[in-house]
Structure formats: structure tokens, C-alpha cells
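Undergrad: Turn this into a structure:
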Amino acid sequence: MAYYRDFREYLDALEKAGKLRRVKQSINKDTELHALVGWQFRGLSEEDWTGFLFDNVTGINKKKYNCRVASSVIAPSWDVYAIGMKCTREQIDDRWREAHKNPYPPLLVKTGPVKEEIHIGNNLLEHGGLEEFAIPMTEIGWEALPRLTALSWHTKDPDTGVMNVGTYNGYLLGPARSSCRTFHSHLMIHWDKCRKRGIPLQAAAVVGSVPAIHMVSVIRIPYGVNEHDIAGGIAGEPIPMVKCETMDIEIPASAEIVLEGEIPTDYMEPDPACGEHTGYTTFGHMVYAFNIKCITHRKNPIWHDMIIQTPPSEDSIIKAIGEGGKAASFLRDSCGLPQVKDVAWHNCGGGNRLLVIRMQDVGGVRTRNSVVWQALTSSLSLNHMVKMIIAVDEDIDPWDLESVFWAVSFRFQAHRDTKIIEGRLAIYDQSSGHYGMPEEEMIYPTSRTGPQGASAMLMDATRKWDYTPVALPKRQYVDRAREIWQELGFPPLKPREPWYGFSLGSWPEKYRKQAELAEKGEFDKVAKELMSGGKNI
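TA: Okay, here's the model as predicted:
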């Protein structure tokens with residue numbers, strides 16, 4: 001069975017399966033869209049989580065866009081993710097395993113739908129550049145600019161020419177400018193190599209390609225492996241690619257939009273406040289700039305948007321599912337552990353902090369304790385941010401935390417069955433230190449503690465200091481979105497706390513003012529302030 005030809009054919013498949021909500025009434029991309037989509041994660045059960053397609057989009061400044069917005073369409077749930085893979089929910093892990101074992105290199109073609117319109121040179125801004133597209137605000141009331149959330153950044157290693165594809169978001173800073181927000185990624189390796197050569201990093205940011213591209217873009221594929229090959233493995237066939245107009249980079253031929261440009265390697269600029277997958281707002285980082293040289297897109301393009309906020313959200317779900325498939329393949333095949341039956345990353349950990357491994361007996365032989373520990377320790381290399389890994393027996397459902405913690409309660413002794421591994425990363429994790437401390441100290445904490453003698457594991461999960469705002473839109477916007485939800489006749493909501501964003505004490509005046517400017521639609525003032533704070537490095 002052939003894979004999807006493009007993003008639009010995939011959206012049609014979602015709608016046919018009853019997993020796409022079409023919204024035809026006018027929706028404000030800045031004050032209503034994210035709050036509306038986010039309601040399903042706060043107020044519905046997972047079986048009711050779907051993608052959204054907005055046909056009539058306006059902005060906070062009353063602008064009407066000739067651009068639809070598809071939001072939360074790759075992984076609002078396991079069922080939707082399975083449709084993107086063209087398999088059943090139960091086959092997802094096996095499909096990932098097969099993709100790694102049998103990749104398909106991409107197929108280079110002369111042209112494709114993404115070349116229907118080309119804006120370059122003197123014509124780059126003829127339709128407004130980036131501002132042609134309906135790019136939403138995400139956490140209105142806390143963030144200060146529209147955010148580009150579902151970009152698949154394509155860059156090449158300048159030494160080997162091997163392509164890397166990664167999903168990193170950024171902020172709209174002007175018609176030909178955005179930021180590129182990434183920390184500890186493969187793109188950073190490419191950037192550092194270009195910096196040493198004294199040249200900018202060429203990059204193509206892709207919007208709205210076939211689901212397989214987004215699936216590989218979000219998870220961490222081993223460095224040096226071309227994600228396009230793994231995407232072909234998911235599709236079961238090569239993904240058609242075309243050359244960029246301004247650089248030697250291949251991009252999906254059927255994508256909705258491609259932004260071609262350069263990331264300076266001698267300059268960085270301040271990041272405004274940003275809601276993150278941890279459920280809290282970050283600020284104060286320095287991030288990359290992205291200067292756009294060319295924009296190609298389909299006629300009447302669809303902007304692809306991802307929900308990144310307090311978990312569960314699409315961001316935590318797509319990482320949990322994709323990382324789970326990769327983890328199962330790694331532990332069983334690369335580590336030689338057929339005793340690993342399932343792995344489950346949990347939304348509450350942002351999709352990459354809390355991992356449960358279900359072990360199984362093979363050939364009627366009880367799995368030895370040493371094998372369990374091999375699985376646990378090997379899992380540390382799956383993700384540099386993983387914080388808690390729990391191994392359970394085959395009779396425990398690794399996706400049901402009630403079942404998991406029943407096993408912890410009655411099959412576990414802290415002094416005997418616990419190991420503390422120090423020296424891990426703590427990116428965005430405010431439990432490692434209050435937000436005012438130096439960034440390097442938060443990421444690489446210097447404090448060292450460990451259990452001594454007989455012990456119990458005590459987990460105090462309360463805040464010990466002020467935290468930054470909860471990464472959801474402010475209450476007035478969520479309340480309005482709830483009214484729209486009801487007007488549209490969507491299923492009754494059952495809100496889970498928290499269901500709107502609020503301050504937890506750490507909210508500097510600078511970022512409060514930027515967010516207030518955004519609520520007035522004065523994005524240009526925020527962009528000017530951020531760019532004026534840039535510095536040569």
C-alpha cells in the first residue's frame with residue numbers, strides 16, 4: 001500500500017477516520033487557536049483527542065489570512081499517530097524497528113508541489129514573506145511573539161555532507177527573520193563546525209510534509225544517520241526530494257512551505273519568554289538567528305502548527321511514541337535484550353523524563369536480575385534528559401502508572417533496588433535550581449548527593465522555590481476558547497488542572513511587558529527589542 005503523497009492526502013485520511021475537526025468559522029490565530037486546540041488535552045479523554053484544521057484564520061491585528069492552519073495533526077493521540085504510519089496502534093513499535101533495520105534512501109526529483117510559488121531576491125517579500133502565513137501565538141498572555149512550532153530544520157554536516165532533520169521552534173521576528181531555538185541538538189554540531197570555518201550554517205526549515213518526516217524530525221536519531229532514510233523506512237518507500245533554490249540541501253518535494261536561509265555563527269540574540277514541554281515558561285536564553293533568503297510554497301498553503309505546552313500535549317505525545325519505538329529497537333536489537341517486551345515514555349515527564357520498561361521471560365526462562373539492570377543502564381543512553389527509569393514484570397501495564405506504582409510499592413526496596421546516576425543533564429528542569437541561578441549551573445548541577453546505608457526512597461514533588469508561569473494561555477483566552485468549543489458542538493469538556501496559565505512567582509517585569517505588547521498585537525516592538533539585544537560572539 002503506497003504511502004501518503006503529501007500532507008493534504010494525510011489530512012484527508014484523518015478526516016475520513018473521524019480524527020480531524022474542521023473549523024470553518026473565523027478563528028483568531030493569536031488569541032483563540034491554541035487555547036481552543038489545547039482544551040482537548042485538558043478536558044477530554046485520549047480517545048477524543050484529534051487534529052484540527054482551521055479554514056478561516058484571522059490575527060490579533062484583524063488581518064485575514066489566505067492560509068489555513070493544521071494544528072495537532074501528527075500526534076494528538078496514539079490512534080492518530082498510527083494513521084500517520086499507515087499501521088495499527090499495536091504495530092507502531094514494530095514499524096519503527098523495521099524502519100531502522102530497512103531504511104529507504106530518498107528519491108531526488110526535478111520539481112514538486114512545494115515549488116508552485118517561489119519568492120526569492122527582489123521578490124522575496126512580494127507577498128509579505130513570513131507574514132504571509134498564519135503563524136499562531138501559542139501561550140498568549142505569557143509569550144511575546146507568534147511561534148513557528150512544527151518546523152523540520154534541514155542542515156548538512158559540512159565535513160561529511162550527511163543530512164540532519166530536527167524539529168526546533170522559533171519566533172517570528174519579521175518578514176524575513178525568525179529565531180531557531182535549539183539546545184544540545186545535532187544542528188548545534190553543524191553550527192559549531194561552520195563557526196570554526198568562519199561561515200554561516202545553511203538551513204532549510206520545512207513546514208507541512210508527510211507524517212514520516214515529522215516523526216523522524218522530533219526524535220533523536222543517532223548522529224550521522226540521514227533521517228530521510230529512516231522516514232523512507234517508515235513509509236516503506238523512498239520519500240521524493242527536490243533541491244533548494246539557494247543551497248545544496250534536499251527537502252520534501254510535496255511540502256507545504258520551505259524557508260531557505262542562513263544561521264549566523266558569529267551572532268546570537270535573546271530569547272523571549274517561551275512555554276516549554278516541561279509545563280513551565282522559560283526565558284533568558286540566547287538563541288540562534290535565522291535569515292531567510294528564499295521562500296517556496298504550494299498555492300494556498302497550509303501552515304502546520306504543533307501544540308507545545310503543559311503535558312499532555314502533542315509535543316509530549318509525539319516524543320513518547322517515537323522515542324518508545326526507537327527505544328524498543330535499541331534495547332532488543334542493538335543491546336541484544338529480547339527480554340524487553342515494551343517501553344513506555346509518559347506524558348507527565350514531557351515524553352522524555354519518565355520511562356517504564358516491561359520485561360518478559362523468554363523460552364520459559366525467568367529473566368535474571370542482571371539482565372534487568374543491563375536494560376536499565378542501557379536505557380540511560382536513549383535520551384540525555386531521562387530522569388526516572390522503572391523496570392517492571394510482564395504482568396504490569398507500563399502505560400498505566402497506577403499499575404507501575406503498585407509494583408514499586410510491593411516489589412521494590414529502595415536500598416536494594418535503586419541506583420543513583422549522577423552527572424545527567426537538567427535542561428529546563430527547575431527542580432535542579434531556581435530560575436534565577438546561572439544557566440550552566442541549572443544544566444550541569446555541581447551539587448552531589450546519594451543514599452548512604454539502608455534507606456527509603458522519598459520523593460517530595462512540591463515546589464521549593466518560585467517557578468516560572470504555567471505554559472498555557474491566560475485564563476481569559478482559555479475561557480473564550482471554551483465558549484467557541486461549545487458553540488462548535490464539540491464533545492463536553494472535563495477540565496484537568498491546570499487548564500489555564502498562571503504565574504508561580506518568577507515572572508520578571510521585562511517578560512511581562514513583552515507579553516502585554518503581544519496581547520496588543522505589537523509584535524514589531526518586541527522583535528525590535530530582541531534584535532537590539534543581540535551581540536557578536
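
Undergrad: avg pLDDT for stretch 36-55?
TA: Stretch 36-55 carries an average pLDDT of 94.

Undergrad: Start and end of it, how far apart?
TA: This stretch, stretch 36-55, spans 14 Å end to end (CA to CA, to the nearest Å).

Undergrad: Could you tell me how far it lies from the centre of the chain?
TA: Relative to its chain's centre, stretch 36-55 lies at 17 Å (CA atoms, centre = their mean, to the nearest Å).

Undergrad: next one: stretch 174-192
TA: For stretch 174-192, the separation from the chain centroid amounts to 14 Å (computed by CA atoms, centre = their mean).

Undergrad: Same check on stretch 86-104?
TA: Distance, centroid of stretch 86-104 to centroid of chain: 20 Å (CA atoms, centre = their mean).

Undergrad: Tell me the helices and strands packed up against the longest helix seen in the chain.
TA: In the chain, with assignment by DSSP state H, the single longest helix is helix 314-329. Packed against helix 314-329, as judged by 3 or more CB pairs under 8 Å, 6 or more residues apart in numbering; DSSP states H and E, are the following elements: helix 78-85, helix 92-101, helix 211-218, strand 340-345. Where C-beta positions appear, they are placed from N, C-alpha and C, glycine not excepted.

Undergrad: average pLDDT for the first one?
TA: The one in question is helix 78-85. 96.

Undergrad: Please identify the buried residues of it?
TA: Using 16 or more other CB atoms under 10 Å as the test for burial, helix 78-85 gives 78, 79, 80, 81, 82, 83, 84, 85.

Undergrad: got the domain boundaries for this structure?
TA: According to automatic domain parsing, the chain is divided into the following domains: 7-305, 314-443.

Undergrad: if I pick residue 108, what's in contact with it?
TA: The contact partners of residue 108, taken as CB atoms under 8 Å, 6 or more residues apart in numbering, are 240, 241, 242, 243, 250.

Undergrad: Could you count how many residues lie near the second one?
TA: It stands for residue 241. Per other CB atoms under 10 Å, the neighbour tally for residue 241 reads 21.

Undergrad: what sits against it?
TA: If you count contacts by CB under 8 Å, 6+ apart, then residue 241 has 106, 107, 108, 109, 228, 250, 251, 252, 253 around it.

Undergrad: which regions of the protein sit below the pLDDT cut-off?
TA: Across the chain, residues meeting the criterion (pLDDT under 70) sit at 422-465, 497.

Undergrad: how about the nearest residue to the residue most central in space within it, chain neighbours excluded?
TA: The structure's the chain has its C-alpha centroid closest to residue 315; by CA atoms, centre = their mean the separation is 4.3 Å. Leaving aside its chain neighbours, residue 315 sits nearest to residue 308 (4.1 Å; criterion: CB to CB, 6 or more residues apart in numbering).

Undergrad: Would you state the strands of the stretch 1-150 of the chain in chain order?
TA: Assigned by DSSP state E, counting those that start in this stretch, the stretch 1-150 of the chain shows strands spanning 20-23, 27-28, 51-54, 57-58, 64-65, 68-71, 107-108, 117-120, 147-148.

Undergrad: Out of those strands, which one sits most buried?
TA: strand 147-148 (a mean of 27; mean count of other CB atoms under 10 Å).

Undergrad: How about residues contacting that strand?
TA: Residues outside strand 147-148 that contact it (CB under 8 Å, 6+ apart) are 135, 136, 137, 138, 169, 170, 171, 172, 178, 205, 207, 274.

Undergrad: show me what contacts the fifth one?
TA: Read it as residue 169. Contact partners of residue 169, counting by CB under 8 Å, 6+ apart, are 147, 148, 149, 150, 151, 181, 274, 306, 308.

Undergrad: isn't residue 233 right next to residue 103, touching?
TA: Yes: using CB atoms under 8 Å, residue 233 is in contact with residue 103, at 4.3 Å.

Undergrad: quick one on the thing from earlier: which one of the domains of the chain lies closest to residue 530?
TA: Comparison of the domains of the chain against residue 530 by CB to CB identifies domain 7-305 as nearest, at 5.5 Å.

Undergrad: other SSEs contacting whichever helix or strand residue 171 is part of?
TA: Assigned by DSSP states H and E, residue 171 belongs to strand 170-174. Strand 170-174 sits against strand 147-148, strand 177-180, strand 286-297, helix 523-532, with contacts defined as 3+ CB pairs under 8 Å, 6+ apart.

Undergrad: No more questions from me, cheers.
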